[in-house]
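>>> Here is a sequence with its predicted model. Questions after.
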Amino acid sequence: MKELGKVNTQIVSLNLNKMPVTDEDLHLVADFPNLRKLNLSFTDITDKDLAQLSKLTQLQQLSISGTKVTETALRQLSSWPALSTVYAWQTQVPATAQAAVQQALGKTRIQWGFNGDTIQMKLNAPIIDNEAQVMTGPIELRLKHFLPGVSIRYTLDGSEPDSIRSPEYKAGTMIHEQGLMKAKAFKAGWMSSDVSSLFFYKNKYQPDTAIALLPPDVSYKGNGAGTIIDNVKADKNFRSGKWLGYKENAMQTLLTFSKPQPVSSVTVSSMIDIASYIMPAMRIEVWGGNHPQQLKLLQTFVPTQPSKEIPSYLEAFELKFQTQTVQYLKLVAVPVSKLPAWHRGKGDKGWFFVDECFIN
């Protein structure tokens, strides 16, 4: 909220529902003079400093459901000039006192809501606190949730976590292998959260150089061929300068090692943005050997193509093969030659985007 203070006069609505807000934070909230809607539901506020918000002379709607606010503080709201609606279900006001409180507030309407014993609220998804996704060794998994008493369950194989079979997250949990981590929050009396997910990449063998045999598009050339071996994961902004984009050319990149390495898998990190014509590759190949002119095909993978337009997402394509000791690897990824009939750009060429390749 201190950051929001820089634009405090521009904010008219503030949603702090289920955030770690306490009485000590209310003096910060009171510095938003044009606030008209404020949601403090399911925070840790009490009666103590609620009166500070009386400075908000434009405030019309206040939500304090699920807090420890009592009848005493609610009665004081009668002096707030613009306040028209208060949402106060599951507060400390007993049902026997609600009519009297409503009468004391006059034209300010109080929504007492319903009995929460029969209604379940949905938990927010766990927060993934890991900054690094690329592992050169074991890495600690960092998950958190702001609501006390929440159990976070996780999986490392891409499957959906459940509240019984999936392990419960504890501080110090380590990840040793590459894979898709999924986490979900559970708490008695609440609906389980949506899934948070993050792919952790393992990179055992770091190439010394990357050589572009065919260049990427000039608009999406990243930092050159070495972009795919710099261990810097990009986000879904394909204009960030961290992606290589291919359309007219296939991706053909030669990776070299200072000495032969026993390689058994290559993971190609890509993104899919169907609305921007960025699709999975039509075909991905890995070639290997100990001389750049004498490489053999190690594996071919044909990604599944989307059947409809969906939001953009990141995708990892892992090609596994029998262990080969090689000093050179050639990666080939062929963009879609014609977008499908259901696509708005049907018949046009598709793009293929890559930010990293990981060798194990």
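Yep, it's here. Residues are numbered from 1 along each chain as shown.

>>> Any buried residues in stretch 36-56, and which?
Using 16 or more other C-beta atoms under 10 Å as the test for burial, stretch 36-56 gives 36-43, 45, 47, 49-50, 53, 56. C-beta coordinates here come from the backbone N, C-alpha and C atoms, glycine included.

>>> oh sorry, the question was meant for stretch 322-342
Under the neighbour-count criterion of 16+ other C-beta under 10 Å, stretch 322-342 has 324, 326-336, 339-340 buried.

>>> got the CA coordinates for that stretch in PDB?
The C-alpha trace of stretch 322-342 is given here as PDB (Å, rounded to 0.1, in the frame of the first residue of the first chain):
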ATOM      1  CA  GLN A 322      18.900 -44.000 -25.300                       C
ATOM      2  CA  THR A 323      22.100 -42.500 -23.800                       C
ATOM      3  CA  GLN A 324      24.500 -41.300 -26.400                       C
ATOM      4  CA  THR A 325      28.000 -39.800 -25.700                       C
ATOM      5  CA  VAL A 326      28.200 -36.800 -28.000                       C
ATOM      6  CA  GLN A 327      30.200 -33.600 -28.400                       C
ATOM      7  CA  TYR A 328      27.600 -32.000 -30.800                       C
ATOM      8  CA  LEU A 329      23.900 -31.700 -30.800                       C
ATOM      9  CA  LYS A 330      21.700 -30.300 -33.500                       C
ATOM     10  CA  LEU A 331      18.200 -29.100 -32.600                       C
ATOM     11  CA  VAL A 332      15.600 -28.700 -35.300                       C
ATOM     12  CA  ALA A 333      12.100 -27.300 -34.900                       C
ATOM     13  CA  VAL A 334       9.800 -26.800 -37.900                       C
ATOM     14  CA  PRO A 335       7.100 -24.100 -37.600                       C
ATOM     15  CA  VAL A 336       3.500 -24.900 -38.600                       C
ATOM     16  CA  SER A 337       3.400 -24.300 -42.400                       C
ATOM     17  CA  LYS A 338      -0.400 -23.600 -42.500                       C
ATOM     18  CA  LEU A 339      -2.600 -22.400 -39.600                       C
ATOM     19  CA  PRO A 340      -5.700 -24.600 -39.300                       C
ATOM     20  CA  ALA A 341      -9.100 -23.800 -40.700                       C
ATOM     21  CA  TRP A 342     -10.600 -22.800 -37.300                       C
END
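
>>> Any idea how far that stretch is from the middle of the chain?
Distance of stretch 322-342 from its chain centroid, counting by C-alpha atoms, centre = their mean, to the nearest Å, is 28 Å.

>>> now swap in stretch 134-142 and tell me
Distance of stretch 134-142 from the chain centroid (C-alpha atoms, centre = their mean) equals 18 Å.

>>> Farthest pair within the buried residues of stretch 36-56?
With C-beta to C-beta as the measure, no two of the buried residues of stretch 36-56 lie farther apart than 36 and 47, at 23.2 Å.

>>> my guess is residue 255 contacts residue 229, does it?
Yes: between residue 255 and residue 229 there is a contact at 6.9 Å, judged by C-beta atoms under 8 Å.

>>> Now for these two: what residues contact both?
Listed as contacting both residue 255 and residue 229 by C-beta atoms under 8 Å, 6 or more residues apart in numbering are 207, 210, 357.

>>> And those residues, which is closest to residue 6?
Among those, residue 357 lies closest to residue 6 (C-beta to C-beta), at 41.2 Å.
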